[in-house]
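> Coordinates only, no sequence provided:
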């Protein structure tokens, strides 16, 4: 681990805990604030909405400042709003606090991924970005189970206090270890926004929003899949989620290597196809406990291997608009979160069992792979056209 990248990993850890721990705390929050569990579920949507709003908006506002100052400001916001969550007296105030807590999420990863790629060793930019996302995987292995345990046995408010503590440690590490890179010179916001006029930008956004939704059709319903289909006890779900988190950790590292060795677009296409195959297998083998555990690890690995490739794909496709584009990819990822949970739940509404969301996820991953392949072909066509123009000029 490069010490200069450690603050980004710590930021990812804090963000990962506050994003995912809510799934485990819903019953405790619902009981304490006297709302139903479905109503408490709106707190998850509030956070995702905050990410989608905040990712591009905060980058547009703060993009002219040096990256280190931007990241520190975002982490101050993150820490303050999570403290607000810990002390929120009513459901409505907690809803607002969760919405605000989501605002710096996408912008932090957007700026952080650009910083990681700039300070990385030559040829290892994607691997540096994967080290930032390692914080998210560590959150799933350690932070979320710990936060859930604290919420169940003490108070859900203490779980958010832990997030505040991680935020404070991240702030200190940002100040001490993150290099002070220069701000963008002669920044032209209109020129940066012109990236979204390109067809390429929307192909990538569709690829992320739909393709990564395949992950969330599976992850959103993994608890009932393991208890009702595989036959595990409810107490075992925490350890199963930790197993998925270990898979995500391994996959995240592999994804960075693949993106550097081949290309982000090719790595994304291959991994989305692999996700479609993996989720199809999940549908058929989840009745077997040993096979279900093996596929939990593999599915987590394949799904999170996408993190670094899609982030690098967006950065490389947006010369001059890297931070804005990278934050947009995080907003797209959270749209995928919402779409995956929604579409994955539809077959359950119509009476199908808990293996059915995996089929929906496989279809979404295939659609994402289609967009990735379309992008690769359009790049190849553009490259061929460019070569012909150069040849014509020379002759």
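Yes, it's here. Every value quoted in this text rests on a predicted model; they were computed, and no experiment measured them.

> Quick check: buried residues in the helix or strand containing residue 244?
Assessed by DSSP states H and E, residue 244 sits inside helix 237-261. Buried positions in helix 237-261, judged by neighbour count with 16 or more other C-beta atoms under 10 Å: 237-238, 240-260. The C-beta positions use only the backbone N, C-alpha and C, and glycine is treated the same way.

> Quick one: mean pLDDT for stretch 342-360?
The average of the pLDDT scores along stretch 342-360 is 90.

> what sits up against that stretch?
213, 216-218, 220-221, 224-225, 228-229, 279-280, 282-284, 286, 361, 364 (C-beta atoms under 8 Å, 6 or more residues apart in numbering).

> Which elements pack onto the helix holding residue 244?
In this structure, helix 237-261 makes packing contacts with helix 125-138, helix 144-153, helix 222-224, helix 264-285, helix 289-304, helix 307-316, judged by 3 or more C-beta pairs under 8 Å, 6 or more residues apart in numbering; DSSP states H and E.

> between those helices, which one is nearest to residue 369?
Relative to residue 369, the nearest member of those by C-beta to C-beta is helix 264-285, separated by 3.8 Å.

> pLDDT on the closest one, on average?
The pLDDT scores in helix 264-285 average 96.

> distance between it and the chain's centre?
Centroid separation between helix 264-285 and its chain, computed with C-alpha atoms, centre = their mean, to the nearest Å, is 17 Å.

> Let me see the contact set for the residue most central in space within the chain.
When C-alpha atoms, centre = their mean is applied to the chain, the residue found nearest the centroid is residue 333 (5.6 Å). By C-beta under 8 Å, 6+ apart, residue 333 lies in contact with 208-209, 212, 310.

> Could you say which helix or strand holds it?
Using DSSP H and E, residue 333 maps to helix 322-349.

> re the thing from before, and the helix holding residue 244 with helix 125-138, angle?
Helix 237-261 runs at 180 degrees relative to helix 125-138, counting by axes from the mean of the first three to the mean of the last three C-alpha atoms, to 10 degrees.

> State the mean pLDDT of helix 237-261.
Here the average pLDDT along helix 237-261 is 91.

> Now the phi/psi pair for residue 180, please.
Dihedral angles of residue 180 (phi, psi; degrees, to the nearest 10) stand at phi -90, psi 90.

> which residue sits closest to it in space, ignoring its chain neighbours?
Spatial nearest neighbour of residue 180, chain neighbours left out: residue 68 (5.1 Å); criterion: C-beta to C-beta, 6 or more residues apart in numbering.

> Need the buried ones from the contacts of stretch 342-360 selected in PyMOL.
To isolate the buried ones among the contacts of stretch 342-360 in PyMOL, judged by 16+ other C-beta under 10 Å, type:
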select buried, resi 213+216+217+218+220+221+224+225+229+279+280+282+283+286+361+364
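
> Counting neighbours, what do you get for the residue nearest to residue 180?
Residue 68: 18 surrounding residues under other C-beta atoms under 10 Å.

> Compute the inter-axis angle for the host helix or strand of it and helix 322-349.
Residue 68 belongs to helix 67-87 when assigned by DSSP H and E. For helix 67-87 against helix 322-349, the angle by the same axes, to 10 degrees is 30 degrees.

> immediately after helix 67-87, which helix or strand?
Following helix 67-87 in sequence, per DSSP H and E, is helix 91-119.

> Just list what that next one packs against, helices and strands only.
Under the contact definition 3+ C-beta pairs under 8 Å, 6+ apart, helix 91-119 sits against helix 6-33, helix 42-62, helix 67-87, helix 125-138, helix 307-316, helix 322-349.

> so how far is the first one off the chain centroid?
To tie it back to what came earlier, the one meant is helix 6-33. 13 Å.

> close enough to count as contact, residue 279 and residue 362?
Yes - with contacts counted by C-beta atoms under 8 Å, residue 279 reaches residue 362, the gap being 4.1 Å.

> Could you tell me how far residue 370 is located from residue 281?
Noted for residue 370: a distance of 20 Å to residue 281, by C-beta to C-beta, to the nearest Å.

> ok, which pair from the contacts of residue 333 is furthest apart?
Taking C-beta to C-beta as the measure, the contacts of residue 333 have their most distant pair in 209 and 310, spaced 10.7 Å apart.

> who has more neighbours, the two?
The neighbour count for residue 209 versus residue 310, taken as other C-beta under 10 Å, is higher for residue 310 (30 against 24).

> and the more buried one, what does it touch?
204, 207-208, 212, 264, 268, 329, 333.

> and with 6 Å instead?
208, 268, 329 (C-beta atoms under 6 Å, 6 or more residues apart in numbering).

> Let's see if you can find the most crowded of those residues.
residue 268 (32 neighbours).

> so the residue nearest to residue 199 when sequence neighbours are not counted, which of the three states?
Once flanking residues are discounted, residue 199 sits nearest to residue 378: 7.4 Å by C-beta to C-beta, 6+ apart. Following DSSP: H, G, I helix; E, B strand; the rest coil, residue 378 is assigned to helix.

> hang on, the earlier thing: the helices and strands packed on helix 237-261 into CSV, with extra columns for distance to residue 323?
Shown next, in CSV, are the helices and strands packed on helix 237-261 (distance: least, C-beta to C-beta, whole Å):
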stretch, distance to residue 323
helix 125-138, 13
helix 144-153, 28
helix 222-224, 33
helix 264-285, 17
helix 289-304, 23
helix 307-316, 9
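
> Relative to residue 183, which of those helices is closest?
Smallest distance to residue 183 across these (C-beta to C-beta): 17.3 Å, for helix 307-316.

> and that closest one with helix 6-33, angle?
For helix 307-316 against helix 6-33, the angle between stretch directions is 110 degrees (the same axes, to 10 degrees).

> Please enumerate residues in contact with stretch 11-18?
For stretch 11-18, contacts defined as C-beta under 6 Å, 6+ apart pick out 82, 105, 108, 132-133, 135-136, 138-139, 143, 147, 163, 166-167, 170.

> Over to stretch 124-143?
5, 8-9, 12-13, 16-17, 112-113, 116-117, 120, 242, 245-246, 248-249, 252-253, 256, 259-260, 307-308, 311-312.
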